[in-house]
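**Student:** Mind looking at a prediction? Sequence and model below.
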Amino acid sequence: IASGDDVFLLEKFQQKGLKIAFLKSPEAVVATSPASGVGQMFSQRIRWAGKTSATKNSFGKAVGLIVFLMNFLLSAVFIAMIFGVFPHTVFLGMFLFKFNVDFLLIFRAANFFGRESSLKSYFWSSMIYPFFSSSVVILSIFSGYEWKGRRFKK
């Protein structure tokens, strides 16, 4: 596995019976630079998703599967709605449910990190994200990625 030493180290701690907890403290936050472009962001997310098969964390896998299924289903229903297979009310109901649940989580995170201004793009991002997220998961299964100037194949 090309990356994930932090995640796998925590798993080893857990296997040894050590307690792991989330430290929600502004003093513990580590700032990093975001991906510099869409291509780099795709590659980064594919790398992150690619670690899933190597992790032993069942809860993390289950949450990831639920998130993927919701995003994939929302994308599929949107496309089906365009072709008249589903009424727009089905898509709208699903979208509003996901929009509100995600907003609660993202709002709390933005508030904690002092990034409330980033919520201005939430509406448009929420329309694109299901397609982006579904693509990342599918690509992580079938393709490699580039990281730190090196190419990793599946």
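**Tutor:** Ah, there it is.
**Student:** Going by C-alpha atoms from here, please, whenever you check contacts or count neighbours.
**Tutor:** Noted.
**Student:** the strands in the protein, which residues?
**Tutor:** Applying DSSP state E to the chain gives strands spanning 145-147, 150-152.
**Student:** okay if I get these as a markdown table plus distance to Ile46?
**Tutor:** Formatted as a markdown table, the strands of the chain follow (distance: least, Cα to Cα, whole Å):
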| stretch | distance to Ile46 |
| --- | --- |
| strand 145-147 | 7 |
| strand 150-152 | 11 |
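**Student:** Figure out which of those strands is closest to Ser36.
**Tutor:** strand 145-147 (12.8 Å; Cα to Cα).
**Student:** Pull the residues that contact the closest one.
**Tutor:** Strand 145-147 is touched from outside by Ser43, Gln44, Ile46, Arg47, Arg151, Phe152, Lys153, with contacts defined as Cα atoms under 8 Å, 6 or more residues apart in numbering.
**Student:** from those, which two are the most distant?
**Tutor:** Spatial extent of those (Cα to Cα) is set by the pair Gln44 and Lys153 at 13.9 Å.
**Student:** For these two, indicate the residue with more neighbours.
**Tutor:** Using other Cα atoms under 10 Å as the criterion, Gln44 and Lys153 rank with Gln44 on top: 18 against 9.
**Student:** Please identify the buried residues of the helix or strand of the chain with the lowest mean pLDDT?
**Tutor:** Across the helices and strands of the chain, mean confidence by mean pLDDT, DSSP states H and E is lowest for strand 145-147: a mean of 80. Buried residues in strand 145-147, defined by neighbour count with 16 or more other Cα atoms under 10 Å: Tyr145, Glu146.
**Student:** So what are the sheet partners of it and their directions?
**Tutor:** Here strand 145-147 has these sheet partners by DSSP bridges: strand 150-152 (antiparallel).
**Student:** Low-confidence ranges, this structure, go.
**Tutor:** Of all residues in the chain, none has pLDDT under 70.
**Student:** Quick one: the helices in it, in order.
**Tutor:** Secondary structure of the chain, counting by DSSP state H: helices at 5-15, 38-50, 58-82, 88-113, 122-142.
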